[in-house]
Structures are given as C-alpha cells and as structure tokens.
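J.: got a predicted model here, sequence first, then my questions.
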Amino acid sequence: MYSKEFILTEVNRIREEIGHEKVNIFIEELYFSKKTNELWIITEDRPDKSAVIGKGGWVVGKLREKLGLESIHVESYGDFLNKEYKLKLAEKTLHNLNSDLTGLKNLEKAIDAKLSNIYSFNIENYIDENEFEESENTEAVVALSGGVDSSFSLILAKKLGFNPTAVTVDPGTIILPKQFKNNIKLVTESLDIKHEYIESDYSDIVRESFTGKVHPCGRCSKNTSQLVKEYAKTEEIPIIIFGDMLATGSQCINLQDDSLYRLNLPASLSVGKQEIKSLIRNYDLNEFKGFGCPLLYEVHRKFPYMKKFSIQRILRETRSGALEPGEALDLIWSFYKIE
C-alpha cells in the first residue's frame, strides 16, 4: 500500500515542518497490516531509525496522524538480524532437547512462527489466534514476583500449555510490597492458576545491604532461584520459568540438575519490554516505574554509589536488545528522582 519513496518524502516533509535538519534516510523494508492498521518501517541502520522517529518521537507521531494509522513501528534491520539469530539458536537448543513436554513443543512452534514473520510478529495476537494443546500434568513452576516480566512469563506459560503453577518468595514488604501482591492475585485468579507463597527470612541480605558493601539484587536473586528450585524438585515439576531477558539464544534454557530445566521464557522468544507491557495490560495489572523494590531504593538513597551497579544491569539489558535506549534512560532517571 505504501512505497519507500512515499514514506521517505512524507518523513522529510514532516522533518522540515518541525525544524529538523534534512538528512538522507535509508529504508530496508516496509510492512503494512490492513487487519490492525499498523505500519512497520524497517530502516537500514539505527541512525536511519532515529531520523524517522525524530526528536521526542515527533516525526513518527505526525506521520501516524497524517496516514491515519493505529500505530507505526520503526526498527533497524540490524536489530532484526540479531533477533533472528537469537531465535534460531533458541529453536535449535529446544529441538536438541528432544523433549516430549507439551509446553516446550508449543514454544518451538511459537519461535518458528516468529521466525517466519519476524517483522510484524505480535505475541499477543499469536496466542489469541491459536489454540495450543495443554499438558495434563504441571510442566512448569513460574517464579512470580508481580512485576511485568514474571507476569508475562506466567501468562505465556499458561497460553502455551505448560499447565503452570506459580510460586512467590515472600521476604516481607521491604522486598515484596503490597502492590506487587495485588498484581499476583489479579493475574493468578484471572488465569485460574494455583499459586503459593514461600515465606523466607531475608534479614541477612537486608542487613548486609545496609552496610554499603553488598548490592542486594545478586544475593536476593540467588536465594529466590534456590527456593523456587527446591519447590520444583519437591513437587517433581520438570521446568522452572523465570522472566529473565538476558539469557537469550542457546542460553534460554539450561539443565539445572539431572531432571530440572530453567527456562527464561521472554528471552526464548526475544521479546522486548514494550511487547511485554502490551500483553499484560489486558489483565489490568499495575505498572511500576523503575525496579519497584523498596530495599533497592533505600540502598540507593543511603549509598548513592550503589546506583552504578544497578545501571550496569540496565545497560546489559539494553545491549541485549531487551530494552530500548529510551526505556533504559527512564529506568536510570527513576533512580535519581528519589533524591
């Protein structure tokens, strides 16, 4: 429906109207969906992407209004090549497991579907438009914190037929505040999923964090992973699912013990934060700025130099493609608004 020449002409016209300098822009591919009234603009590289978006998103916003579209997605071709490579590695890793677990077979199908339609693949539409066989047995336990990544993981695990149960490690409100528990209640009841709290004493972690010598996230994550692993082994559940977005490609699923796998579900499908947020909005969950952990913010307040370790984590997710630069900046800025 739209040609590259037409889009480039309109983009340059809008840039001129709002006082942006004229630049040469290169478009690799266009994809338009009549069904959703969405346009995907795939630019040759990130500088071309920035030029199409414009400062503050003004250019792409005015383009969307002018064309009467529901939305316009602008991505660079290099980012898609990276995403495609990670998806192929994830698919290969899952295939080599040769598992008869229903959820893993469905996940392979989802990865294959994304590879076949990588420019415009929409995870939300995909799980809504396809029916998946559900396992008779519980194949996965999902570590559920009530945040966006773990909630997304639970929703996807349910839709892909893992027949999951959910567990939440509860160290107290300094790490798991009430608003996260509200999200946990909403999503588990909406999906009709069994959920259990595992109460645990994290007082040593809290105490060490307030010495200024230990960043809390590493210790907290390690303890939580161990407790979820013990739960899965006790209940004889073969997979533990986390919302980790860094362990992509061949590292999306790893053997923890002889019969227990750790699956990083968002990473296996190379989804970004915006895709995750779009899906969970259907469940009326609250979204929180920053990491949402009261302990972390208290550590930042008392020991400002600890922020650099949190920022390193954000930059790792940005380099992996899980976070867009703008999202990363918002997270980093949230650390400084508390001062």
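T.: Sure, I can see it.
J.: measure stretch 16-32 end to end?
T.: Its first and final residues considered, stretch 16-32 spans 25 Å by CA to CA, to the nearest Å.
J.: with stretch 209-223 instead?
T.: The separation between the terminal residues of stretch 209-223, taken as CA to CA, is 14 Å.
J.: quick one: mean pLDDT for it?
T.: Average pLDDT, stretch 209-223: 91.
J.: buried sites along it?
T.: S209, V214, H215, P216, C217, R219, C220, N223 (16 or more other CB atoms under 10 Å). Quick note: C-beta positions are derived from backbone N, CA and C, even for glycine.
J.: so the third one touches I205, yeah?
T.: No - taking CB atoms under 8 Å as the contact criterion, H215 and I205 are not neighbours in contact, 10.4 Å apart.
J.: run through the stretch 151-300 of the chain and note the low-pLDDT ranges.
T.: Across the stretch 151-300 of the chain, residues meeting the criterion (pLDDT under 70) sit at 289-290.
J.: hmm, back to that, spatially, which two of the buried residues of stretch 209-223 are the most separated?
T.: Comparing every pair within the buried residues of stretch 209-223 by CB to CB identifies H215 and N223 as the most remote, at 13.8 Å.
J.: could I get the contacting residues of I53?
T.: V59, V60, V74 (CB atoms under 8 Å, 6 or more residues apart in numbering).
J.: cool, L329 as well?
T.: Taking CB under 8 Å, 6+ apart as the definition, L329 has no contacts.
J.: quick one, which of the contacts of I53 are buried?
T.: Among the contacts of I53, those classed as buried by 16+ other CB under 10 Å are V59, V60, V74.
J.: coming back round to it: in CSV: the contacts of I53, plus pLDDT.
T.: Converted to CSV, the contacts of I53 look like this (pLDDT from 0 to 100):
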residue, pLDDT
V59, 93
V60, 93
V74, 89
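J.: could you dump these to CSV with distance to K22 and secondary structure?
T.: Below are the contacts of I53 laid out as CSV (distance: CB to CB, whole Å; DSSP: H, G, I helix; E, B strand; the rest coil):
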residue, distance to K22, secondary structure
V59, 12, helix
V60, 17, helix
V74, 18, strand
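J.: tell me the one among these nearest to S120.
T.: Nearest to S120 out of those is V74 (CB to CB; 12.9 Å).
J.: against K62, how distant is that closest one?
T.: As defined by CB to CB, to the nearest Å, V74 lies at a distance of 13 Å from K62.
J.: just S310 next, same as before
T.: For S310, the distance to K62 equals 36 Å [CB to CB].
J.: so between those two, which is more surrounded?
T.: Remark: of S310 and K62, S310 carries more neighbours, 23 against 18, as counted by other CB atoms under 10 Å.
J.: wait, isn't the more buried one in contact with H215?
T.: Yes - with contacts counted by CB under 8 Å, S310 reaches H215, the gap being 7.4 Å.
J.: contact partners for R262?
T.: R262 sits next to S225, K229, I239, I240, I241, F242, I253, N254, Q256 when contact means CB under 8 Å, 6+ apart.
J.: now stretch 82-92: average pLDDT?
T.: Taken as a whole, stretch 82-92 has an average pLDDT of 93.
J.: so for that stretch, what gets flagged as buried?
T.: When neighbours are counted by 16+ other CB under 10 Å, the buried residues of stretch 82-92 are found to be N82, K83, K86, L87, L89, A90, E91.
J.: what sits up against stretch 66-85?
T.: 2, 10, 14, 28-29, 36-46, 48-49, 52-53, 60, 63-64, 115, 118-119, 249, 270, 321.
J.: residues of it that come out buried?
T.: For stretch 66-85, a neighbour-count test (16+ other CB under 10 Å) marks L67, L69, I72, V74, E75, S76, Y77, D79, F80, N82, K83 as buried.
J.: tell me which other helices or strands the helix or strand where I155 lies touches.
T.: Taking DSSP states H and E as the criterion, the element that holds I155 is helix 148-159. Counting by 3 or more CB pairs under 8 Å, 6 or more residues apart in numbering; DSSP states H and E, the packing neighbours recorded for helix 148-159 are helix 123-129, strand 140-143, helix 178-191, strand 239-242, helix 265-268, helix 273-280.
J.: is it possible to get TSV of these that adds distance to E317?
T.: Converted to TSV, those look like this (distance: least, CB to CB, whole Å):
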stretch	distance to E317
helix 123-129	18
strand 140-143	18
helix 178-191	20
strand 239-242	14
helix 265-268	10
helix 273-280	8
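J.: those: which one's closest to R301?
T.: R301 lies closest, by CB to CB, to one member of those: helix 178-191, at 19.3 Å.
J.: show me the contact partners of that closest one.
T.: The contact list for helix 178-191, computed with CB under 8 Å, 6+ apart, reads 144-147, 151, 154-155, 158, 166, 168, 193-195, 280, 283-286, 288, 292.
J.: try it again at 6 Å.
T.: Outside of helix 178-191, the residues that reach it under the criterion CB atoms under 6 Å, 6 or more residues apart in numbering are L144, G146, S151, K158, A166, T168, H195, Y283, L285, N286.
J.: ok, now stretch 153-172?
T.: Outside of stretch 153-172, the residues that reach it under the criterion CB under 6 Å, 6+ apart are 102-103, 106-107, 127, 132-135, 138-142, 144, 176, 184, 188, 191, 193-200, 202, 224, 227-228, 231, 241, 243, 265.
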